[in-house]
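S.K.: Whatever this is, show me its structure:
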Amino acid sequence: MLSSALQDYAERKFRERAEIYAPIFSEIESGLSCCTQEEAVLMRFLYGTMPVRDAGEYGFEVFLSYVRHALWLRDNVEWCRRLPEDIFVHYVLYYRINTEDISDCRPFFYERLKDRIAGLSLEEAVREINYWCAEHAAYESTDGRTASPMTMYRCGKGRCGEESAFAAAACRSVGIAARQVYAPRWAHCDDNHAWVEVYIHGRWHFLGACEPEEELDRGWFSGPAGRAILIHSRCFCDYDCGGMQEEWIGREDGVYYLNETASYAKTCRLTVMVKDASGRPVRGARVAVEILNMAEFFPAAALVTDENGEAGITMGIGDVRLRAWSGGCVCEKMVFPAQEAGARDNGLKENGTGEIRTELVLKSGYPFIQEEDAKGRLAGGSNTWEQILLTAPAQAPVSCARQSEEQKGRRQRRLEEAVRLREERFRTLLGKLPAGEFPEEKEMLQIAGENAAQLYAFLKKDGNPDRKRLLHSLARKDYKDAHAGVLEDHLSCTQGELPEDIYVPYLLCPRIYLEVLTPWRSFIRSCFSEEEKSAFTQRPELAWDYIEKNIRYDARLDYSAVCGTPIGCLKLKWGSLLTRKILFVAICRSLGIPARLRRSTMQPEYLENGEFRAPAGLRGKDSPGCLPAPALLTLEAPEAQSGEKWNYGQNWTIGKLEGTGFCTLGYEGICFAGDSLTLELEAGVYRLVTSRRLPGGNRLAAFSVFGLKSGERRAVELLSGENDEKTMLSDYPARELPELFLWDVSGERQSLAHITGRGTALVAFLGAGEEPTEHVLNELNDCAGQWNGSGAEIIAVLRRPEELKNATLQKTLARLSSVRIYFDREEASEKTAAVMGADPEKLPLLVLTEEGRRGIYSCAGYHVGSVDLILQILLLRKKGRKEENDDNINRKAE
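M.R.: Numbering: from 1, shown residues only. Next up is the predicted model:
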């Protein structure tokens, strides 16, 4: 029985959205009329709380399947029946876990798991489900679009956000409450991570998705989690009947965030007081807690001040930037809990229960940018930099369950079997397709997994050359879930006189950004009259005018992290600004007008007279016939001459001020020409951020804020922060490694001293196929050219010969010029870790050695950016040796 409280809540939330759902309300009401009473309650609950865009993207029958399956579990599965009602609706019933595409997957997963977990305890069932997940999916670095759990099952590869959505969906399919837990950004290394928690006997327990352990509360990420500033989970409404015990961080868009940090790391309580210029507390001010990661200040949490002007959060003891705003007024401030506290000097107790208080005073306009100077440039526009050192939380490992030697052995055997089953399954699938018929498309068919049949059907239909062109224009992930019928819809355009580099990416291609691919061309053409289509074709800006007049949006009822599709947006007349931009591009392409989203600014643009231009409605005050001259910003990087590499999104970014915050521009992959780079930018206020990671996880950072006017030319020298070898290795004294032995591929036993010789080498103990090692291999692959010129050899140490088959390893080895393979048969990694002060249970273990067995730096486990860090150390040591030689020569000359 569903409680009266839930029934009332569902009815109220549903009725609040009646006007929003007007375009599809009759369809919803018709569906509800065929439901049982309990089904209708839960359907109203979902429609009343879901991100509104979902109602336009997915049919009534999809949500009804989730409801019926959840009710059946509640009635028939004992552990589901015992769940508190709020835990049940949030973490068993709910169809959405994070940003994944939605498909009807729960009954499918249940049928494959029910016999496997029959008769098991709840803990045993979770473990068995995770082994099942490992048999069907493994880690692969991919783009930001989150594939559905069903796609993960069908293709077998995905990033951590997809693995965790898959594992959580599998658990929910058998009535086990599960959720994705997320570190939105690390402080001690770049990137982020997601994993799974399951609710067992009133407590949440963690596990690595598709990375099974013999016990719960174990995972390679426990060490990084102990250094997190923020770890959260999410749900999509505030229904609570006592089961939700965590601290509510607050609401962002239509998503509610719960604070899980204290379960993983030492914490402090940060309280922020926001005042206006007169010193009065500001109620309702927004406060962003920003973490420096990937060279940008990322808003990891958004707080709202109470009637006293205060907002607070429990967080890991690391340095953050605060940004508060209200009514056009703003204030920014660095807060240094890690540096000021010293763990206890600022009142923090051993368990991290102390409090840090700080005050922000709002001022009109953005700090440093107040008015134009005598030269017409915005004040604060001089090439000045503010430098800061940000300290990451100290290592405070999570208390993990211990495992016996027997459990270790059993886990290893089962993981090897999982890999065998997974690889055999996809090898068999690919073998069913005619070999060699499409040699140029072989790789995409391998990537596609079960979806290869869809791609094959599309290719086979006829000899239209646009079939191959279209497929090759897609993102890699599209091969995993693009349906032949959808692709067919997008062949309905002609090249005419357009050059290939315009026609294929900006007219033929169905991929616009990170939206789900749908057959939007035929749908869009059917939505508009001939008169409207003719008007849009002659003046594409009219399409943007239509969108602005007819498409509504309220961020409080949606999830802005998920792109809407052109079909869903038009169907519901609802869409975020990004979704509306995607729709504009889709309308243009549907009518034969090349169009794109400009990646650097995310502005939609259409081709007119040989040039791409944005609609006037998105160009501020500019008239439709007047395109302002861009500003030219030249970035100068003298360090590039000495071998230092500037990688966008790793050690530098640039952001444009939009409202009260900076939006990082999309320049991923851009390269310097020698020691300079020129960017074409719109007039506005910009912030450059540079960041250098230190070996211990801290950051040397600098930022500069300045304004640019239309047509202005400016040069700025990038500042990377003062750094030297002593600073880089201050926490890593050189250590003599023990006498170790490894085995080469021919079976010969060799000492480490003999292997490394007298030169410099990176000894890399790898865990092929595991996410932390995949990161390291991808980093080596990305910087192979730089590494090959470093003079350092790589000694890649594997656990077993079978690991040589790993695709990522093979791809990376092919790009490295100086690498040798060995095997560890005598626990050399554990012995090395013990001497170097690293975690002996974590792989990969990277040790930079000189002169045989002299270890000068090491890191173990998950450490995104470690390869770049080691390259920095190599560069600094090379520079130091050159300076020393020059000094010796000068002294001799004197």
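
S.K.: My read is that Arg414 contacts Pro212, right?
M.R.: Yes - Arg414 is in contact with Pro212 according to Cβ atoms under 8 Å; the separation is 7.2 Å. (Each C-beta comes from the backbone N, C-alpha and C, glycine too.)

S.K.: Which of the two has more residues huddled nearby?
M.R.: Applying other Cβ atoms under 10 Å to Arg414 and Pro212 shows that Pro212 carries more neighbours, namely 24 against 16.

S.K.: if you skip the residues just before and after it, what's nearest to the more buried one?
M.R.: Asn130 (3.9 Å; Cβ to Cβ, 6 or more residues apart in numbering).

S.K.: circling back: list residues touching both of Arg414 and Pro212?
M.R.: Common contacts of Arg414 and Pro212, defined by Cβ atoms under 8 Å, 6 or more residues apart in numbering, comprise Tyr131.

S.K.: list the contacts for the residue nearest to Pro212?
M.R.: Neighbouring residues of Asn130 by Cβ under 8 Å, 6+ apart: 167, 207-213.

S.K.: what would those look like in TSV with pLDDT and distance to Leu618?
M.R.: Compiled in TSV, the contacts of Asn130 are given as follows (pLDDT from 0 to 100; distance: Cβ to Cβ, whole Å):
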residue	pLDDT	distance to Leu618
Ala167	99	41
Leu207	97	45
Gly208	97	43
Ala209	97	39
Cys210	97	41
Glu211	96	44
Pro212	97	49
Glu213	96	50
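
S.K.: Got the confidence number for the residue nearest to Pro212?
M.R.: Asn130 is assigned a pLDDT of 98 by the prediction.

S.K.: Same check on the one 5 residues further on?
M.R.: The score at Glu135 is 98. That number is its pLDDT.

S.K.: Report the secondary structure state of it.
M.R.: Using DSSP: H, G, I helix; E, B strand; the rest coil, the structure places Glu135 in helix.

S.K.: burial measure for it, as a count.
M.R.: Around Glu135 there are 20 residues (other Cβ under 10 Å).

S.K.: From Asn451, how far off is it?
M.R.: Look at Glu135 and Asn451: by Cβ to Cβ, to the nearest Å, they are 19 Å apart.

S.K.: likewise Ile755?
M.R.: 44 Å.

S.K.: Arg539 now?
M.R.: From Arg539 to Asn451 the distance is 39 Å (Cβ to Cβ).

S.K.: Also Arg820?
M.R.: As judged by Cβ to Cβ, Arg820 and Asn451 stand 38 Å apart.

S.K.: between these two, which one's more packed in?
M.R.: Between Arg820 and Asn451, counted using other Cβ under 10 Å, Asn451 has the larger neighbour count: 22 against 15.

S.K.: quick one: which helix or strand includes the closest residue to the more buried one other than its chain neighbours?
M.R.: Leaving out its chain neighbours, the residue that sits closest to Asn451 by Cβ to Cβ, 6+ apart is Lys480, at 5.4 Å. Secondary structure assigned from DSSP states H and E places Lys480 in helix 478-481.

S.K.: number of nearby residues for Lys549?
M.R.: Neighbours of Lys549 under the rule other Cβ under 10 Å: 7.

S.K.: Make 202 the first number, not 1, from now on.
M.R.: Understood, numbering begins at 202; the last thing we discussed is Lys750.

S.K.: for whatever helix or strand it lives in, what is the average pLDDT?
M.R.: Using DSSP H and E, Lys750 sits within helix 742-751. Across helix 742-751, the average pLDDT comes to 97.

S.K.: next one: stretch 488-500
M.R.: The model assigns stretch 488-500 a mean pLDDT of 96.

S.K.: do the same with stretch 1021-1037
M.R.: When pLDDT is averaged along stretch 1021-1037, the result is 92.

S.K.: Which of the helices and strands in the chain ranks last by mean pLDDT?
M.R.: helix 926-929 (a mean of 63; mean pLDDT, DSSP states H and E).

S.K.: The closest residue to Phe1024 other than its chain neighbours: how many residues sit nearby?
M.R.: Nearest non-adjacent residue to Phe1024, counting by Cβ to Cβ, 6+ apart: Trp944, 4.6 Å away. Neighbour count of Trp944, defined by other Cβ under 10 Å: 18.

S.K.: One more: Arg216?
M.R.: The number of residues near Arg216, taken as other Cβ under 10 Å, comes to 11.

S.K.: for Arg950, same thing?
M.R.: 11.

S.K.: Which residue ranges make up each domain of the chain?
M.R.: By the assignment in automatic domain parsing, the chain contains the domains 205-460, 467-571, 634-692, 716-818, 832-924, 933-1085.

S.K.: Of all the ones you listed, which one comes closest to Leu709?
M.R.: The minimum distance between Leu709 and the domains of the chain falls on domain 634-692, with 5.6 Å, by Cβ to Cβ.

S.K.: Run the chain-centre distance for that closest one.
M.R.: 27 Å (Cα atoms, centre = their mean, to the nearest Å).

S.K.: Repeat that for stretch 702-712.
M.R.: When distances are taken as Cα atoms, centre = their mean, stretch 702-712 is centred 26 Å away from the chain's centroid.
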